[in-house]
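# Structure, please.
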Amino acid sequence: MSTIENRYDFVYLFDCQDGNPNGDPDSDNSPRFDPETFNGLVSDVCLKRKIRDYVSNSTTVGAIPETENRIFVLSGNTLESNQRQPFEKWEGDDKPEAKGKDTKPTDIDKARLWMCKNFFDVRAFGAVMSTTEFNCGQVRGPVQITFARSIDRILPTEHTISRQAFTGEKDIKSGTGTLGRKYTIPYGLYLAHGYINPVFAAKTGFSEDDLALLWKALANLFELDRSAARGTMSSRGLYIFKHESKLGNAQAQRLFDTIKIEKKPDVESPRSFADYTVVPPDPSTLPAGITYIDGLA
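Okay, the predicted model is just below:
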């Protein structure tokens, strides 16, 4: 399949109800937020993790072939175990040799191309693969996603929970179960921006099939990622702007501003998606050379 030939910009809208969309390890895993405005935040790596997991689960159940769609940054695996693969599985007489920092540039190029061909997230997001003996170089990915920010301020709430089962015999003497804490937000509607660069796609081999898989992952991101800790999370909008040219036909922010999201006048504290009005772009008003696509349609 040929690599993509068009630039894409997109807006991704999702929400969380009675859950923790992205805990901050530096704050006892409480929901991330902007300390000045109290808008909620979800990190880009959190969203990429969910995309990776969706693709990985899709290969596991056979929805897409595993060949060329493996995941490099996978929970429970070491990066080194994946980086050594091109040096061990290369087919042909010109097999690259792993010598760490002393690896020949030509061998690094071979290993990098092998990794791009076989790992979806390397083709999409890029990777630093030069930190072990198995030097596969570095890749700058064509797909970039920003932090997601909530439309309105959120109110993180701490809940005390208890477990009545005892860990050991010595705990029975206390007479009470184990106490713990759980953080949630009542509701938050989050917006992230994304960019896809066809110039970098040509270097990694990011194809039209990869692009279709990315859109499918974003549309169904939370369906295979349910957790009591995360409450109810749902994809609410995927607004895609396709440019005719590789360099683009309009500035990304100009396109993003065509999406209007407002809290309804009679709502003070949003508690559901129905408390907002979302107006998608009007295709007739977009700059020349731009095609609008509803990614959830």
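# which residues of the chain fall in helices?
Secondary structure of the chain by DSSP state H: the helices cover 44-60, 79-83, 85-89, 105-118, 120-125, 169-172, 198-204, 208-219, 252-256.
# low-confidence ranges in the stretch 1-150 of the chain?
1, 61-66 (pLDDT under 70).
# Please name the nearest non-neighbouring residue to residue 89.
Among residues not flanking residue 89 along the chain, residue 114 sits closest, at 7.9 Å (Cβ to Cβ, 6 or more residues apart in numbering). To be clear about C-beta, it is placed using only N, CA and C from the backbone, and glycine gets the same treatment.
# Contact partners for the one you found?
Taking Cβ atoms under 8 Å, 6 or more residues apart in numbering as the criterion, residue 114 is in contact with 85, 86, 89, 90, 136.
# Compute the number of surrounding residues for the first one.
As a burial measure, residue 85 scores 18 neighbours (other Cβ atoms under 10 Å).
# For it, which residues are in contact?
Applying Cβ under 8 Å, 6+ apart, the residues contacting residue 85 are 114, 115, 118.
# cool, and the last one?
Listed by Cβ under 8 Å, 6+ apart, the contact partners of residue 136 are 83, 86, 108, 111, 112, 114, 115, 129, 130.
# Looking at the residues you listed, which is nearest residue 214?
residue 115 (18.2 Å; Cβ to Cβ).
# that older thread, between the contacts of residue 136, which has the most around it?
In the contacts of residue 136, the most neighbours by other Cβ under 10 Å go to residue 111, 26 neighbours.
# Can you give me the separation between it and residue 285?
Applying Cβ to Cβ, to the nearest Å, the value for residue 111 to residue 285 is 47 Å.
# Also residue 139?
37 Å.
# and if you look at residue 11?
Taking Cβ to Cβ, one finds residue 11 at 16 Å from residue 285.
# More neighbours: these two, which one.
Legend: neighbour count by other Cβ under 10 Å for residue 11 and residue 285, higher for residue 11 (22 against 8).
# How about the more buried one: what's its closest non-neighbour residue?
According to Cβ to Cβ, 6+ apart, the nearest residue to residue 11 is residue 239 (4.4 Å).
# you'd agree that neighbour is up against residue 10?
Yes. With contact defined as Cβ atoms under 8 Å, residue 239 and residue 10 form a contacting pair (6.2 Å).
# hmm, back to that, can you tell me which of the contacts of residue 114 lies nearest to residue 195?
For these, the nearest to residue 195 is residue 136 (24.5 Å; Cβ to Cβ).
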